[in-house]
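In: The amino acid sequence is not available; the structure is as follows:
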């Protein structure tokens, strides 16, 4: 399935900040009819790999994928990603399970794609900086014997559009369709009978949370056993306030770019209120990875990008069309399928703790099977990312252990009863 369509083979290569994007990432003109259908695949050399005693690479054998999904407008879209068949045996009950992993924020340039980062753990060429930090979670999951499929999300990697950053429907669909696509990968041991877990932190936590809500209607064939949603950006109005002026202020540009591309109402608001300086910043950020954004726009206030001097959050709040568009992205209006473990750092000021906790409350009120874990650590510095990133590492072992139990068929115990006394 490695052949490229003539249109991709003849087109000039896409270059993003000095990185040539392989032809594989250029979608064909026509897409399959079914969500999750595999469009093409090829061997993916893992950047961090060692030979095993039995001759098989550790932690596994990777395949690059392109598969069909459906975007927030209901239109077919090609999404890329990666599947990894683990070297380790599955020791739990039932057939080998699958974890569909949604990466945390990587950026908006195609060179930032998670599948690209698995091959190139560090991209550093003087024009861009990208670090494949999700490899730690991927490899820890593979060590349990579960297979892993990673989505690149809509437009990250695939060269036909901008990445639609933190778009609830795009992300949820892409993650669920990655699980479907994994079954068709040549040599994959996972099938429809395999239990499936969803895993994500930060942007990935929002994607896994959205997918858990969407699964019953969008992908009932995915046998969902459990979901880990770490630091999920459930309320984007709150999250925009958190990232504005922070070290990760560039992420505000990515969300504006993505929503302006996908939503005509938000696009009209952006065009009417963003200054020439702001438009130049948005265009510049559209090809950046996280490292570039930290250096280029760290601690920038969005008021510098508007004609009125008001923040972008204030402008959206004052415009009914824009506010409605952002409100439609709210996670927590639907009951999630299956057990969910939701973790949030109590001092997280980038993806604010309060809105993540509110998601747990909203889900509990809808009868969800929720395990809520407030990660209590000292305040490690305001708006400099530490309060957001450290819980990613300190909670990772517990998160993978909890998800492995669900993939083994062990029942979960909701602690919704404890929400009134939880921080």
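Out: Sure thing, it's come through. Since the model is a prediction, treat every value here as computed from it, not as a measurement. Residues are numbered from 1 along each chain as shown.

In: ok, which stretches of the stretch 151-300 of the chain are helices?
Out: 168-182, 203-218, 236-243, 250-262, 264-273, 276-285, 290-297 (DSSP state H, counting those that start in this stretch).

In: Between those helices, which one is closest to residue 390.
Out: Nearest to residue 390 among the helices of the stretch 151-300 of the chain is helix 203-218; the distance by CB to CB comes to 15.0 Å. C-betas here are computed from N, CA, C, even on glycine.

In: by contact count, what packs against the closest one?
Out: If you count contacts as 3 or more CB pairs under 8 Å, 6 or more residues apart in numbering; DSSP states H and E, helix 203-218 packs onto strand 98-102, helix 168-182, strand 196-201, strand 224-230, strand 340-345.

In: a markdown table for these, including mean pLDDT and mean neighbour count?
Out: Shown next, in a markdown table, are the helices and strands packed on helix 203-218 (pLDDT from 0 to 100; neighbours: other CB atoms under 10 Å):
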| stretch | mean pLDDT | mean neighbour count |
| --- | --- | --- |
| strand 98-102 | 98 | 30 |
| helix 168-182 | 98 | 28 |
| strand 196-201 | 98 | 30 |
| strand 224-230 | 98 | 29 |
| strand 340-345 | 98 | 28 |
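
In: residues contacting residue 68?
Out: Remark: with contacts taken as CB atoms under 8 Å, 6 or more residues apart in numbering, residue 68 is in contact with 31-32, 34-37, 39, 76-79, 177.

In: Now, of those residues, which are buried?
Out: 31, 35-37, 39, 76-79, 177 (16 or more other CB atoms under 10 Å).

In: any idea which of these is the one closest to residue 192?
Out: residue 36 (10.9 Å).

In: hang on, that closest one is in a helix, isn't it?
Out: No - using DSSP: H, G, I helix; E, B strand; the rest coil, the secondary structure at residue 36 is coil, not a helix.

In: For the helices and strands packed on helix 203-218, please prepare a markdown table with the additional fields distance to residue 279.
Out: A markdown table is the format used below for the helices and strands packed on helix 203-218 (distance: least, CB to CB, whole Å):
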| stretch | distance to residue 279 |
| --- | --- |
| strand 98-102 | 30 |
| helix 168-182 | 23 |
| strand 196-201 | 31 |
| strand 224-230 | 34 |
| strand 340-345 | 34 |
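
In: in this structure, which helix or strand is least confident?
Out: None of the helices or strands of the chain scores lower by mean pLDDT, DSSP states H and E than helix 6-10, at a mean of 52.

In: buried stuff in whichever helix or strand comes after that one?
Out: Once helix 6-10 ends, the next helix or strand along the chain (criterion: DSSP states H and E) is strand 14-16. Buried residues in strand 14-16, counting neighbours by 16+ other CB under 10 Å, are found at 14, 16.

In: Quick check: mean pLDDT of strand 14-16?
Out: Averaging pLDDT along strand 14-16 yields 96.

In: Stretch 21-38 too?
Out: Mean per-residue pLDDT for stretch 21-38: 97.

In: can you check stretch 330-339 too?
Out: Across stretch 330-339, the average pLDDT comes to 98.

In: cool, and stretch 261-268?
Out: Mean predicted confidence for stretch 261-268 is 90.

In: again, but for stretch 60-78
Out: On average, stretch 60-78 scores 97.
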